[in-house]
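Chemist: predicted model, plus sequence, below.
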There are 2 protein chains.
Amino acid sequence: MRSPQSLRNGGGSPSPHARIPTPHHHFHSTVSVHKLKRFNSLILVFRLSTFCFSLASAVFMLTNSRGASGSDSPRWYDFDAFRYVFAANAIVAVYSLFEMVAAVWEISRDDTLFPEILQVWFDFGHDQAFAYLLLSADSAGTALAITLRGTDTCTATSAFCIQSTISIALGFAGFLFLGFSSLLSGFRVVCFLINGSRFHF
Amino acid sequence: MRSPQSLRNGGGSPSPHARIPTPHHHFHSTVSVHKLKRFNSLILVFRLSTFCFSLASAVFMLTNSRGASGSDSPRWYDFDAFRYVFAANAIVAVYSLFEMVAAVWEISRDDTLFPEILQVWFDFGHDQAFAYLLLSADSAGTALAITLRGTDTCTATSAFCIQSTISIALGFAGFLFLGFSSLLSGFRVVCFLINGSRFHF
């Protein structure tokens, strides 16, 4: 993870493109473009990881109903916290998919999907909000899973509890990668505020 | 650490005090000092609110044991999630108390408790981490409280469940004010990165 202090460009020798006013908005050195592509690729990897874990978590929770008859066997949607886990992971999966499209667009076309200022704030704001949402849901799910462990629900159908636990663990992994994405998009916001451009190297 | 003033590589309009090299570190216009004091007072109010709500939440949870005999009456420390709520709120209360001291110090002495760069990053980092911690604990507590609502624990001793719910609600209020503090300290970090000083106006 690059600290924003590394922005400094070696103290007394700032990079040329930052000092000379550029006549066109999209004029940047090839080195800078190359580094930006690497940075965007890293974001894409984190988005992909978030998407995979969130989707897996949502699918694990969705398929967590034991017994075809379903008369007294536990189902995930009978529990508020498990519904919350499913909803939060599904939302994050959809959001990550959209952000992956945005990242691929930016890597392939050298331009952001939305106007630049909107894009950096949109990314950072949603990363933060959804990270809080996902952590909240997974914590609630964990509390319920721990409570259920001693009850009849888990002793009778232990597969239900195991699958819930796996789903919640996958959700926490998704939260971790969403947190990394949030750090990177926060870094982009700061770069944008300092340089007036996401070309920050 | 060198001054991050060299961060700004043109491409904007830096504030006057960032451009003119100041002979002394503490030389700033009185207007700027006055505005900084107002900003710090706002932070202090948020810190105080966070402290009050977190402390109230922790105390409400701590005193939540029904029945002197304690043989079969519910006690808060029998539940993992309620222990988590208490611990998170106690940690945030202690942290807020410390930050209140730091804010009062800064208002009265016009200087930060730690070196400036350390202080802004310390505040922002801890605000973020503790906001996640508090939200996670309160979500876990909520999930447990909802689960308990239908059980014998709540029908036999409803005061226990009501007091738990109040404690968790106070914790959410504390989280809200901690989130506001986190926004302000994030703003300070960005100001520090841009101007090389927390004097940002």
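Modeler: Noted; the coordinates are in hand. Numbers count the residues shown, from 1 in each chain, chains lettered A, B, ... in the order given.

Chemist: for chain A, which helix is longest?
Modeler: The residue-count maximum for a helix in chain A (DSSP state H) belongs to helix A:158-195.

Chemist: tell me the angle that one makes with helix B:158-195.
Modeler: Computed by axes from the mean of the first three to the mean of the last three CA atoms, to 10 degrees, the angle separating helix A:158-195 from helix B:158-195 equals 30 degrees.

Chemist: next, see if helix A:158-195 gets close to chain B.
Modeler: Yes. For helix A:158-195, a contact with chain B is found by CB under 8 Å from any CB of the partner chain, at A:190, A:193, A:194, A:195. Every residue, glycine included, has its C-beta placed from N, CA and C.

Chemist: what is that helix packed up against?
Modeler: Contact analysis of helix A:158-195 by 3 or more CB pairs under 8 Å, 6 or more residues apart in numbering or on different chains; DSSP states H and E lists helix A:30-62, helix A:80-109, helix A:116-149, helix A:152-156, helix B:158-195 as its packing neighbours.

Chemist: buried deepest among the ones you listed, which one?
Modeler: helix A:116-149 (a mean of 22; mean count of other CB atoms under 10 Å in any protein chain shown).

Chemist: quick one, grab the pLDDT at residue A:176.
Modeler: Predicted confidence (pLDDT) for residue A:176: 96.

Chemist: tell me the spacing between it and residue B:113.
Modeler: 32 Å (CB to CB, to the nearest Å).

Chemist: just residue A:91 next, same as before
Modeler: Distance from residue A:91 to residue B:113, by CB to CB: 40 Å.

Chemist: next one: residue A:128
Modeler: Taken as CB to CB, the span from residue A:128 to residue B:113 is 27 Å.

Chemist: contacting residues around the residue nearest the centre of chain A?
Modeler: Nearest residue to the geometric centre of chain A (CA atoms, centre = their mean): residue A:178, 2.9 Å. Shown in contact with residue A:178 (CB atoms under 8 Å, 6 or more residues apart in numbering or on different chains): A:46, A:50, A:92, A:96, A:127, A:130, A:131, A:134.

Chemist: so which of the residues you listed comes closest to residue B:107?
Modeler: Of all these, residue B:107 sits closest to residue A:131, with 32.2 Å by CB to CB.

Chemist: tell me the spacing between the closest residue to residue A:175 other than its chain neighbours and chain B.
Modeler: With sequence-adjacent residues excluded and distances taken as CB to CB, 6 or more residues apart in numbering or on different chains, residue A:175 is closest to residue A:134, at 4.6 Å. Going from residue A:134 to chain B by CB to the nearest CB, to the nearest Å gives 10 Å.

Chemist: give me the pLDDT for residue A:134.
Modeler: 96.

Chemist: which ones are touching residue A:124?
Modeler: Taking CB under 8 Å, 6+ apart, we find residue A:124 in contact with A:182, A:185, A:186, A:188, A:189.

Chemist: so who does the closest residue to residue A:179 other than its chain neighbours touch?
Modeler: Excluding its sequence neighbours, the residue lying closest to residue A:179 (CB to CB, 6+ apart) is residue A:131, at 5.6 Å. Residue A:131 sits next to A:175, A:178, A:179, A:182, B:132 when contact means CB under 8 Å, 6+ apart.

Chemist: and those residues, which two are the farthest apart?
Modeler: A:178 and B:132, at 11.7 Å, using CB to CB across the contacts of residue A:131.

Chemist: thought residue A:138 was touching residue A:86?
Modeler: No. Applying CB atoms under 8 Å as the test, residue A:138 and residue A:86 come out as separate, 11.3 Å apart.

Chemist: any idea how far the closest residue to residue A:186 other than its chain neighbours is from residue A:99?
Modeler: Leaving aside its chain neighbours, residue A:186 sits nearest to residue A:124 (5.4 Å; criterion: CB to CB, 6+ apart). Note on residue A:124: its distance to residue A:99, by CB to CB, is 11 Å.

Chemist: same deal with residue A:192?
Modeler: Separation of residue A:192 from residue A:99 (CB to CB): 17 Å.

Chemist: element containing residue A:73?
Modeler: Assessed by DSSP states H and E, residue A:73 sits outside every helix and strand.

Chemist: confirm for me that it is in contact with residue A:152.
Modeler: No. Counting by CB under 8 Å, residue A:152 is not a contact partner of residue A:73; they are 11.5 Å apart.

Chemist: what does the pLDDT read for the residue nearest to residue A:126 when sequence neighbours are not counted?
Modeler: Closest residue to residue A:126 apart from its sequence neighbours, by CB to CB, 6+ apart: residue A:95 at 6.3 Å. Model confidence at residue A:95, given as pLDDT, is 97.

Chemist: which two from the contacts of residue A:178 end up farthest apart in space?
Modeler: Pairwise over those, using CB to CB, the maximum falls at A:46 and A:134, 13.9 Å.

Chemist: tell me the contacts of the residue nearest to residue A:121 when sequence neighbours are not counted?
Modeler: Nearest residue to residue A:121 in three dimensions, chain neighbours excluded: residue A:189, at 6.5 Å (CB to CB, 6+ apart). Applying CB under 8 Å, 6+ apart, we find residue A:189 in contact with A:120, A:121, A:124.

Chemist: closest one to chain B out of the residues you listed, please.
Modeler: residue A:124 (10.2 Å; CB to the nearest CB).

Chemist: residue A:111 is in contact with residue A:119, correct?
Modeler: No. Using CB under 8 Å, residue A:119 makes no contact with residue A:111, being 9.6 Å away.

Chemist: for residue A:114, phi and psi?
Modeler: For residue A:114, the backbone dihedrals are phi -90, psi 170 (criterion: degrees, to the nearest 10).

Chemist: for residue A:75, that is, sorry about that
Modeler: Residue torsions, per degrees, to the nearest 10, at residue A:75 are phi -120, psi 150.

Chemist: okay then, goodbye and thanks.
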